[in-house]
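Undergrad: based on what follows, work out the 3D shape:
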Amino acid sequence: MNRFYTLGQHNGHWAFISPQNTPFYSIGVNGVHNQIVDQAHWLKADLVHKYGGTRDWFPNWASEKLSQVRQIGFNTLGAWHEPYYWGDGMPKTVEIRMSRFAPKVNKDWGMGFPDVFDNKFHASVERACLDCFMSGRGEALLIDPGVIGYYTDNEIHWWGHGGKWGNNDPGNGANDTSLVDDYLEQPANGPGKLAWIELLRERHGSIERLNETWGAEYTDFEDLAHIAVYRADHPETLEADKLAFLRRIAEVYYRTTSEALKRYDPNRLNLGDRMVGTSTPEVVFDVMKDYADVITLNFYSFDLPERWMSHIHERTGLPIMITEFSFCAGREAGFLINTNGARNVIVRTQSRRGEVYRKFVEEAARMPFVVGTHWFAMYDYGDPQGLIGNYGLLDLADEPYGDFVELVRQSNQDVLRFRNSQEL
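TA: Below you'll find the predicted structure:
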């Protein structure tokens, strides 16, 4: 019997293999997290009083939420659950956010993308791991048999500041190098800019050879460090260098984060970095496959790009897990403002939420390379200057959306039955 989750195939479908050596399809919910601080201005319930009014109110809350998760048919705690659950044996995934302290080369929203050549990136990876594994309830996490694996980050911007991201299906994928352009905007002494110049020296040897290849007239490699937009009469050759640099960025990112995971918890699965839709260039997947165990993707759409997902699976040989999706009612749930992914998936009613939930999870379950789907989130969010929308199984009064929750429960039950019998 294996003490840890692994991966394998069962009846022609990929699956996690549990420590009990049984196939496990992960149906998870993100954000099983107490909202008493994060949503203090918008909560409509006194959680301390509701759960007993004593020092045990929080364990009471945590116990009831876990019971609700199970009753609705979820078998996994997804990202951003309370560390209180660490050590309890419930299947779970944990996001470490290794890039949180690193300087960024772009940041339109969310995490942005780190300068992986900056020493502070390596320090950030280490600090984030120390915070996760070596402080608080880290010891309980390390011995928890329920830990499926770890996400290194969430939605870092592989597509770059000017790149195209989202839920579109790019067919066989693309190799947009907009992230490289973000690196080129650094000052001449920027770590990422210096790494770019080093790559050009390696690939061309001399400035004369670079000029010949690009169709340019530069005097010295050092000149290239001071500019961000280059002359190249043969633009395809400059693009080839950018693609090589994008590959190097990916190599440094995945090697650094993978080595850190192996240092702190070597037997758990590397669940990648929760990529946004179809936005990640193919060359990144080509590198990632040598380090991660699972490709994790976040979608805010009514349909999944099956052709593209099949292509990426075949290209890498890795299974895929959908680690974030949601459908949100607007006015009916009291939300005239919706931000982030909710804007793409607005429906009118809770029953309609349940209908599209079923369609989505059944579509995912039919793909033999998909190993799970994780819903976002346990609760609604109410911050009009940040995250707001009807994302939740529960509202901000800590009450379930009854019609929706019942439809979710039925769908989860049917999907698990299908993955165990292949009849849906």
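
Undergrad: every contact and neighbour count from this point should use C-alpha atoms.
TA: Will do.

Undergrad: where does the stretch 101-250 of the chain have low pLDDT?
TA: By pLDDT under 70, the low-scoring segments of the stretch 101-250 of the chain are 162-168, 170-173.

Undergrad: can you map out the strands along it?
TA: 104-106, 113-114, 147-151 (DSSP state E, counting those that start in this stretch).

Undergrad: could you dump these to TSV with mean neighbour count and distance to His49?
TA: Output for these, formatted as TSV (neighbours: other Cα atoms under 10 Å; distance: least, Cα to Cα, whole Å):
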stretch	mean neighbour count	distance to His49
strand 104-106	21	42
strand 113-114	26	42
strand 147-151	24	32
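
Undergrad: need the ones you listed in CSV with distance to Thr257, can you?
TA: As requested, the strands of the stretch 101-250 of the chain are exported to CSV (distance: least, Cα to Cα, whole Å):
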stretch, distance to Thr257
strand 104-106, 16
strand 113-114, 12
strand 147-151, 10
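
Undergrad: do you know which of the ones you listed lies nearest Asp241?
TA: strand 104-106 (18.7 Å; Cα to Cα).

Undergrad: what residue lies at the spatial centre of the protein?
TA: Note on the chain: the residue nearest the mean C-alpha position is Arg274, at 1.6 Å, using Cα atoms, centre = their mean.

Undergrad: that residue against Leu297, yeah?
TA: Yes. Arg274 lies in contact with Leu297 (Cα atoms under 8 Å); the separation is 5.1 Å.

Undergrad: mind listing the shared neighbours of the two?
TA: Common contacts of Arg274 and Leu297, defined by Cα atoms under 8 Å, 6 or more residues apart in numbering, comprise Thr323.

Undergrad: all the helices of the stretch 151-300 of the chain, residue numbers only.
TA: Under the criterion DSSP state H, counting those that start in this stretch, the stretch 151-300 of the chain contains helices at 178-184, 191-204, 207-214, 221-224, 235-264, 282-288.

Undergrad: got the angle between the fifth one and strand 147-151?
TA: If you take axes from the mean of the first three to the mean of the last three Cα atoms, to 10 degrees, helix 235-264 sits at 140 degrees to strand 147-151.

Undergrad: any buried residues in helix 235-264, and which?
TA: Of all the residues in helix 235-264, those buried under the rule 16 or more other Cα atoms under 10 Å are 238-239, 241-251, 253-254, 256-258, 260-261, 264.

Undergrad: adding distance to Thr323 as columns, could you present the helices of the stretch 151-300 of the chain in TSV?
TA: Below are the helices of the stretch 151-300 of the chain laid out as TSV (distance: least, Cα to Cα, whole Å):
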stretch	distance to Thr323
helix 178-184	23
helix 191-204	30
helix 207-214	41
helix 221-224	40
helix 235-264	19
helix 282-288	17
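
Undergrad: so which of those comes closest to Ile17?
TA: Taking Cα to Cα, helix 235-264 is the member of the helices of the stretch 151-300 of the chain nearest to Ile17, at 19.7 Å.

Undergrad: so for Arg409, which of the strands of the stretch 101-250 of the chain sits nearest?
TA: Short answer: strand 147-151, nearest of those by Cα to Cα, at 22.3 Å.

Undergrad: what is the mean pLDDT for the longest strand seen in the chain?
TA: Ranked by residue count under DSSP state E, the longest strand found in the chain is strand 370-376. Across strand 370-376, the average pLDDT comes to 98.

Undergrad: strand partners (parallel or antiparallel) of that strand?
TA: Take DSSP bridges as the rule and strand 370-376 pairs in its sheet with strand 26-30 (parallel), strand 320-324 (parallel).

Undergrad: need those strands in CSV (columns: distance to Glu139).
TA: Converted to CSV, the strands paired with strand 370-376 look like this (distance: least, Cα to Cα, whole Å):
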stretch, distance to Glu139
strand 26-30, 22
strand 320-324, 25
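
Undergrad: in the stretch 251-400 of the chain, where is pLDDT below threshold?
TA: Within the stretch 251-400 of the chain, no stretch has pLDDT under 70.

Undergrad: which stretches of it form strands?
TA: Using DSSP E, counting those that start in this stretch, strands in the stretch 251-400 of the chain cover 269-270, 275-276, 295-298, 320-324, 328-329, 346-347, 370-376, 381-382, 388-389.

Undergrad: for the last one, name the packing helices and strands.
TA: Okay, so that is strand 388-389. Counting contacts by 3 or more Cα pairs under 8 Å, 6 or more residues apart in numbering; DSSP states H and E, strand 388-389 packs against strand 381-382.

Undergrad: partner strands of the strand it packs on, with direction?
TA: strand 388-389 (antiparallel).

Undergrad: can you list contacts of the partner strand?
TA: Taking Cα under 8 Å, 6+ apart as the rule, strand 388-389 contacts Cys328, Gly330, Phe335, Ile337, Asn338, Thr339, Ala342, Asp380, Tyr381, Gly382.
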